[in-house]
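Chemist: Just the structure for this:
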Amino acid sequence: MRDGRQEWDATHDVIVVGSGAGALTGALAAAGEGLDTVVLERTALLGGTSAYSGAACWLPGTQVQERAGLDDSTEAARRYLRALTGDAEAERREAFLRHAPELVARLEADPAIAFEWRAFPDYVAAPGRMDAGRSFVPLDLAPGLLGELLPLVRPAVDRDRAGLGHPDAPLSTGRALIGRLLLAATRTGNARVRTGHRVTGLVTEEGRVTGVEARTAHGTVRVRARRGVLLAAGGFEGDDALRTEHRVPGGAGWSMAPRGTNTGEVLRAAVEAGAGTALMDEAWWCPGTELPDSTAAFTLGLRGGLAVDGSGRRFANESLPYDRMGRAMAARGADTPVHLVFDSREGGALPAITVPPADPARQLAAGAWVRADSLSGLAALIGVPAQALTDTVARFNGFAATGRDEDHHRGEDPYDLFFAAGNAPGPNPCLVPLDRPPYYAARLVLADLGTKGGLRTDAHARVLDREGRPLPGLYAAGNTSASFTGRVYPGPGVPLGSAMVFASLAVRHLAREGR
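Modeler: Predicted coordinates for the structure are as follows:
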């Protein structure tokens with residue numbers, strides 16, 4: 001933090017730090033207000049973890065759900081959120097619910113942006129839940145529409161980690177969302193993008209945040225904001241020191257954030273400027289399939305197999321939504337070994353979705369997965385008691401025959417059933433017996449989609465100091481801020497949807513404040 005009179009290298013009305021869905025929504029909103037806006041991204045690519053995502057947007061009560069004929073409403077979402085979070089964060093919750101329909105209408109008014117509802121159940125059985133889901137996704141985007149902007153959009157995680165660009169195909173999911181927002185923002189003529197700008201400090205003048213310091217390949221630059229600075233640069237999941245300091249289980253190598261990003265400099269800069277924080281021990285958890293390079297693949301949509309801990313026994317419903325399964329793993333200790341045990345029913349492929357895809361041959365060759373002709377042999381390879389594993393599988397196979405999981409109730413929730421492949425011979429499609437050797441085991445680690453603790457903000461997305469007072473000129477959205485849903489993950493697309501709403505609310509406030 002620097003205070004006092006400054007020499008500036010550039011001046012804009014609005015500075016947006018980061019380039020994910022929240023950041024680009026904020027940039028589009030500001031540019032649409034006629035404000036001179038600059039997006040500062042630390043890497044050479046735009047989109048961050050948003051570009052890797054499935055791009056589900058949990059934005060209730062909008063015209064997208066209405067077009068799809070869903071029986072959804074703002075009031076139903078209000079009941080659901082209140083059932084999950086109580087009266088905590090009531091002002092931010094109401095701001096989110098009020099603004100979501102308006103934001104979506106404004107976004108879809110731009111010819112570059114279009115959404116469609118896609119079934120994906122809400123995650124928790126509570127009043128107001130939508131069993132079919134209420135989130136939606138962007139339509140695929142033809143790469144030619146982006147033109148020279150295409151190389152700026154971060155590719156899918158598997159191609160990005162391999163240093164590859166986009167395939168010759170339409171951009172989908174997270175890439176489509178980032179591409180559409182980028183196209184809309186730049187078409188206004190009021191938004192500029194600067195890559196290679198690593199923001200490490202905030203500049204204040206007479207108690208107001210008026211700009212940022214950023215490291216570039218050509219040295220440190222100072223950029224001034226006439227109206228305000230919006231921090232939407234992700235969390236601190238990529239920094240093991242910060243994770244340790246705040247007791248966030250897991251590790252940077254197992255997070256889904258792009259390598260070398262989301263290391264917390266922006267958070268540190270805001271704290272140095274006096275900002276308060278909350279939920280700093282929290283993350284958006286998920287199981288991760290450990291890969292040969294010691295990173296992890298986001299794992300969801302289990303359609304077979306079972307998970308055991310070091311005792312060789314099950315400890316949870318393996319078909320739980322990924323955040324809840326991650327929490328079940330965390331409760332056992334992040335270092336407690338967990339393995340997904342499965343048979344040859346799918347030819348040795350993991351009976352789940354992994355992002356990036358996990359290649360069975362490569363996993364086995366590297367020893368990341370193991371295989372044995374018997375359960376006792378598999379138990380020896382993963383270091384669990386042979387009798388315990390054999391008994392666990394026998395008990396599970398009995399549940400598969402009756403259709404009822406007496407231990408963990410797998411297959412009794414709409415989310416469980418959503419991913420069932422229908423290849424179970426018994427009455428419950430989620431309970432597929434393990435009876436076709438050879439048997440396999442894949443190590444699961446506690447991964448995350450990002451931290452969810454960060455700067456305290458109000459219903460206008462203003463950053464608050466340690467006493468709860470707004471810091472003039474400073475706003476935050478997405479994982480740079482503490483989530484308004486607290487320690488709960490209500491449904492698919494809550495991280496993206498809330499980031500987009502609060503970025504838009506930040507711009508609304510700073511635009512009106514400066515008039």
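
Chemist: remind me which residues of the stretch 251-400 of the chain are low pLDDT?
Modeler: Applying pLDDT under 70 to the stretch 251-400 of the chain picks out no residues at all.

Chemist: can you rerun that using 80?
Modeler: Low-confidence segments of the stretch 251-400 of the chain, defined by pLDDT under 80: 334-335.

Chemist: Which stretches in it count as strands?
Modeler: Assigned strands in the stretch 251-400 of the chain, in chain order: 277-278, 283-290, 296-300, 306-308, 338-342, 353-355, 369-372 (criterion: DSSP state E, counting those that start in this stretch).

Chemist: Residue 229: which of the ones you listed is closest?
Modeler: Of all the strands of the stretch 251-400 of the chain, strand 277-278 sits nearest to residue 229, with 17.3 Å by CB to CB. Just so you know, the C-beta spots here come from the backbone N, C-alpha and C atoms, and that holds for glycine as well.

Chemist: which strands and helices sit next to that closest one?
Modeler: Using 3 or more CB pairs under 8 Å, 6 or more residues apart in numbering; DSSP states H and E as the contact definition, the elements that strand 277-278 packs against are strand 454-455.

Chemist: what's the offset of the strand it packs on from the middle of its chain?
Modeler: Taking CA atoms, centre = their mean, to the nearest Å, the mean C-alpha location of strand 454-455 is offset from the chain mean by 16 Å.

Chemist: domain assignment for this structure?
Modeler: When the chain is parsed into structural domains using automatic domain parsing, the resulting residue ranges are 2-281+452-513, 286-447.

Chemist: Out of the ones you listed, which is the most enclosed?
Modeler: domain 2-281+452-513 (a mean of 21; mean count of other CB atoms under 10 Å).

Chemist: in this protein, which residue is closest to the centre?
Modeler: The structure's the chain has its C-alpha centroid closest to residue 449; by CA atoms, centre = their mean the separation is 4.3 Å.

Chemist: Look at the residue nearest to that residue when sequence neighbours are not counted and say how many residues are nearby.
Modeler: Closest residue in space to residue 449, ignoring its immediate chain neighbours: residue 284 at 4.1 Å, by CB to CB, 6 or more residues apart in numbering. For residue 284, the tally of surrounding residues (other CB atoms under 10 Å) stands at 24.

Chemist: circling back: could you check how far the residue nearest to the centre of the chain is from residue 296?
Modeler: As for residue 449, its distance to residue 296 is 11 Å (criterion: CB to CB, to the nearest Å).

Chemist: can you list the weak-confidence ranges in the protein?
Modeler: Within the chain, the stretches falling below the threshold (pLDDT under 80) are 1-6, 334-335, 421-423, 514-515.

Chemist: just checking, residue 190 touches residue 29?
Modeler: No. When contacts are counted by CB atoms under 8 Å, residue 190 is not listed as touching residue 29 (10.8 Å).

Chemist: who does the helix or strand harbouring the residue nearest to the centre of the chain touch, helix- and strand-wise?
Modeler: Element membership of residue 449 [criterion: DSSP states H and E] is strand 439-451. In this structure, strand 439-451 makes packing contacts with strand 283-290, strand 296-300, helix 322-331, strand 338-342, strand 369-372, helix 375-382, judged by 3+ CB pairs under 8 Å, 6+ apart.

Chemist: Run the angle between that strand and helix 375-382 for me.
Modeler: Here the directions of strand 439-451 and helix 375-382 differ by 40 degrees (axes from the mean of the first three to the mean of the last three CA atoms, to 10 degrees).

Chemist: Quick one: distance of strand 439-451 to the chain centre.
Modeler: Centre-to-centre, strand 439-451 and its host chain are 16 Å apart (CA atoms, centre = their mean).

Chemist: ok, back up a step: quick one: the residue nearest to residue 449 from residue 443, how far?
Modeler: According to CB to CB, residue 284 and residue 443 sit 21 Å apart.

Chemist: and what of residue 118?
Modeler: Taking CB to CB as the measure, residue 118 falls 31 Å from residue 443.

Chemist: Next: residue 350.
Modeler: Between residue 350 and residue 443 the computed distance is 11 Å (CB to CB).

Chemist: now swap in residue 21 and tell me
Modeler: 31 Å.

Chemist: same deal with residue 34?
Modeler: Here the criterion is CB to CB. By it, residue 34 lies 53 Å from residue 443.

Chemist: Equivalent analysis for residue 12, please.
Modeler: When CB to CB is the yardstick, residue 12 and residue 443 sit 47 Å from each other.

Chemist: Right, I'll leave it there.
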